[in-house]
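J.: Below is the sequence, then the predicted model.
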Amino acid sequence: MTAHPKPELVATDMAELRRCLDVRTARVDGELALLAQRSAQYERDAGELQARVRQLESGRWPLPSLAALTGLAALAVAVWQVLAR
C-alpha cells in the first residue's frame, strides 16, 4: 500500500475538477446574463408604463374643477329663478 496516489490519477482528478468548475462557472455566467437581460427588460417595461400613466393622468378630466363649476352654475340658476319672480 502506497502513501501517495499515482500521479496520473491525481492529474485525471484535477482535470475532472477543472472541467466541473468550468461547467459550473459557465452556467453561473449564463444565469447572470439572463438575469441582467430580464432586469433591463423590466426597467424598459416600467418606463413604458410610467409614460402611459403620465399620459392618462394628463388627459383626465379635472373633476374637482368641474364640480365647482357645476355648483356655481346651480347657484346662478337658483339666484336667477329667485330674482325672476
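T.: That came through, no problem.

J.: can you give me the helices in this protein?
T.: According to DSSP state H, the chain carries its helices in the segments 7-59, 63-84.

J.: roughly how far out does the first one sit from the chain middle?
T.: The chain centroid and the centroid of helix 7-59 are separated by 16 Å, computed with CA atoms, centre = their mean, to the nearest Å.

J.: Would you convert the helices of the chain into a markdown table that also reports mean neighbour count and mean pLDDT?
T.: Backbone N, C-alpha and C define where each C-beta goes, glycine included. Formatted as a markdown table, these follow (neighbours: other CB atoms under 10 Å; pLDDT from 0 to 100):
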| stretch | mean neighbour count | mean pLDDT |
| --- | --- | --- |
| helix 7-59 | 10 | 94 |
| helix 63-84 | 9 | 91 |
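
J.: Roughly how far does the residue nearest to the spatial centre of the chain sit from Leu34?
T.: The residue lying closest to the centre of the chain (CA atoms, centre = their mean) is Tyr42, at 3.8 Å. For Tyr42, the distance to Leu34 equals 13 Å [CB to CB, to the nearest Å].
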